[in-house]
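Participant: How does the following fold in three dimensions:
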Amino acid sequence: MSRIGKMPIPVPKDVQVSEKDGTYLFKGPHGQLTHTLPLGFVLTRSGDQLTLTRPSDEPRDKAFHGLHRTLLFNKIQGVSVPFRKTLELNGVGYRGQLNSNVLTLSVGFTHPVEFTLPQGIKASVEKQTVITLTSADKELLGQFAADVRSVRPPEPYKGKGIKYSGEKILRKEGKTGKK
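Facilitator: Residues are numbered from 1 along each chain as shown. Sure, this is the predicted structure:
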């Protein structure tokens, strides 16, 4: 049995769970998310906990057991307390700006790079070099943060670029002249 899959999923008091045709809806103070389970998987509720059971011991079902349990846990946690990612802009003249739902980055190109915030993501820019993204959907938040970071990933010689807060950049030694 999957170690992750057999663990119960705690449901906070402020989160409502409803099911319709195999699709589960999670409503909380920070939004609502849906999740569709594969055929044969059953989600049962006992008190304030959910338990996911798989239809068989096939390798595919075993793999999906832990995956879908984690996806359900993330959605329940996200509508209760939103996820947060912080990006830092390192470099001379690198700055970010937020105009309504458009994130504009000046990161050393001849033109500013613009991102329209997807539905469900909120952003804030502090000190022009720190961008904080929040969302109830962990998957959407991680993908959007990765897209923003891919505009100018941190380079190993000077450390310039966009990096996650707390990310450690391995620095390389530059060229040395003849002696």
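Participant: biggest helix in the protein, by residue count?
Facilitator: helix 59-80 (DSSP state H).
Participant: Report the mean per-residue pLDDT for it.
Facilitator: In this model, helix 59-80 has a mean pLDDT of 90.
Participant: quick one: that helix to chain centroid distance?
Facilitator: Relative to its parent chain, helix 59-80 has a centroid offset of 14 Å by C-alpha atoms, centre = their mean, to the nearest Å.
Participant: and that helix, C-alpha only, in PDB?
Facilitator: The C-alpha trace of helix 59-80 is given here as PDB (Å, rounded to 0.1, in the frame of the first residue of the first chain):
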ATOM      1  CA  PRO A  59       1.200  -0.500 -10.700                       C
ATOM      2  CA  ARG A  60      -0.600   2.300 -12.400                       C
ATOM      3  CA  ASP A  61      -3.200   2.500  -9.600                       C
ATOM      4  CA  LYS A  62      -0.500   2.400  -6.900                       C
ATOM      5  CA  ALA A  63       1.300   5.300  -8.600                       C
ATOM      6  CA  PHE A  64      -1.900   7.300  -8.900                       C
ATOM      7  CA  HIS A  65      -2.900   6.600  -5.200                       C
ATOM      8  CA  GLY A  66      -0.200   8.800  -3.700                       C
ATOM      9  CA  LEU A  67      -0.300  11.400  -6.500                       C
ATOM     10  CA  HIS A  68      -4.000  12.100  -6.100                       C
ATOM     11  CA  ARG A  69      -3.900  12.000  -2.300                       C
ATOM     12  CA  THR A  70      -1.300  14.700  -2.500                       C
ATOM     13  CA  LEU A  71      -3.200  16.700  -5.100                       C
ATOM     14  CA  LEU A  72      -6.300  16.600  -2.900                       C
ATOM     15  CA  PHE A  73      -4.300  17.600   0.200                       C
ATOM     16  CA  ASN A  74      -2.800  20.600  -1.600                       C
ATOM     17  CA  LYS A  75      -6.200  21.800  -2.800                       C
ATOM     18  CA  ILE A  76      -7.800  21.500   0.600                       C
ATOM     19  CA  GLN A  77      -4.800  23.300   2.200                       C
ATOM     20  CA  GLY A  78      -4.800  26.000  -0.500                       C
ATOM     21  CA  VAL A  79      -8.400  27.100  -0.100                       C
ATOM     22  CA  SER A  80      -7.800  27.300   3.700                       C
END
